[in-house]
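Peer 1: Sequence and computational prediction follow.
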Amino acid sequence: MIWIGRAGARRRMLWETRAAGVVWRREILRCLRNPAQVALVLSQPLIYLVVLGTGLGSLIPDAPPVGDYRTYLFPGVLVMTVYLPAVATGVSIAIDRETGFLREMLVAPVHRASLLAGRCAGGTTVAACQGALVLALAGVARLPYDPALLVALAAELTLIAFTMTTLVTLLAVSVGRRQTLHAVLGFTLTPMIFLSGALFPVSGLPSWLAGLALANPLTYVIDPLRQTIAPYLNGRVSMTTGQPAAVRELAVTAVVGLLALLLAARRMARAG
């Protein structure tokens, strides 16, 4: 009887994993079948680095804590590249809810958490791959194409993509209408990016804005990327911020992502 119970549990686990894999594959195919959208998403980092980086770089002195502005801007560009596919994942949930496709998925004989995990895994994969492609612009930001640096940045981007995808997914399953979701995302994400140090150092902000920046979760997402880049700059740019070590920030990022996934799964399990 124990053997039969264990065999049944293994079959159930395999069934749940296959269901999550199907949803993951759907997200990948959705991305591959829309190359125009992918091209537009990938063109934005180039615009930020070449246009914004060159334009504002001519106005900002080449001195600490910014140094070369394109180098300073590069971690923020990576995060902005990752968060766009994360937003798309949340919006796709709202669209599936309105079209009735989500209801058809929820009646499948699998746990709803497996479906949600597959969707988040797909969004994370798409976001991480697009972020990895943007690493090819490292030379534009005056960074060396060092394999260790690129691998470290790609690994950190994968973790960041997971956390941002689960956070947006939690918001999507909590908000009923797509229009409301767009409004909430625009109201929250844009100020968070501006107050994260992605575009300018938070050290120059007034005390009340600096406090908001320190309370901003995205600040602790961009900072590990800067700490990873700093040793490869040969002293050209001082990118340290006095914040916690990168490993600690990445650990907090992982915990936040897991909590968001659990809360989103619990919310979906209670949905009718």
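Peer 2: Noted; the coordinates are in hand.
Peer 1: Tell me which helix or strand residue 188 sits in.
Peer 2: helix 178-194 (DSSP states H and E).
Peer 1: Name the surrounding residues that touch that helix.
Peer 2: Residues from elsewhere that reach helix 178-194 (C-beta atoms under 8 Å, 6 or more residues apart in numbering): 76, 79-80, 83, 87, 90-91, 94-95, 97-98, 168, 171-172, 175, 199, 216-218. All C-beta atoms are positioned from the backbone trio N, CA, C, and that covers glycine.
Peer 1: can you count the residues close to the nearest residue to residue 245 once chain neighbours are set aside?
Peer 2: Among residues not flanking residue 245 along the chain, residue 227 sits closest, at 7.6 Å (C-beta to C-beta, 6 or more residues apart in numbering). For residue 227, the count of nearby residues is 21 (other C-beta atoms under 10 Å).
Peer 1: in what helix or strand does residue 227 lie?
Peer 2: Taking DSSP H and E as the definition, residue 227 sits inside helix 219-229.
Peer 1: ok, now residue 122?
Peer 2: Going by DSSP H and E, residue 122 is in helix 112-134.
Peer 1: on that earlier part again, outside of the helix or strand following the helix holding residue 188 itself, which residues are in contact with it?
Peer 2: Per DSSP H and E, the first helix or strand lying C-terminal to helix 178-194 is helix 207-214. Here helix 207-214 makes contact (C-beta under 8 Å, 6+ apart) with 195-197, 202-203, 205, 219.
Peer 1: now for the helix holding residue 227, which elements pack on it?
Peer 2: helix 69-99, helix 147-174, helix 246-270 (3 or more C-beta pairs under 8 Å, 6 or more residues apart in numbering; DSSP states H and E).
Peer 1: out of those helices, nearest to residue 26?
Peer 2: Across these, residue 26 has its closest neighbour in helix 69-99 (9.6 Å, C-beta to C-beta).
Peer 1: could you dump the contacts of helix 207-214 to JSON lines with pLDDT and neighbour count?
Peer 2: Converted to JSON lines, these look like this (pLDDT from 0 to 100; neighbours: other C-beta atoms under 10 Å):
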{"residue": "195", "pLDDT": "82", "neighbour count": "22"}
{"residue": "196", "pLDDT": "81", "neighbour count": "22"}
{"residue": "197", "pLDDT": "78", "neighbour count": "27"}
{"residue": "202", "pLDDT": "75", "neighbour count": "21"}
{"residue": "203", "pLDDT": "72", "neighbour count": "11"}
{"residue": "205", "pLDDT": "74", "neighbour count": "16"}
{"residue": "219", "pLDDT": "82", "neighbour count": "20"}
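Peer 1: hmm, back to that, what mean pLDDT would you report for the helix holding residue 188?
Peer 2: Mean per-residue pLDDT for helix 178-194: 80.
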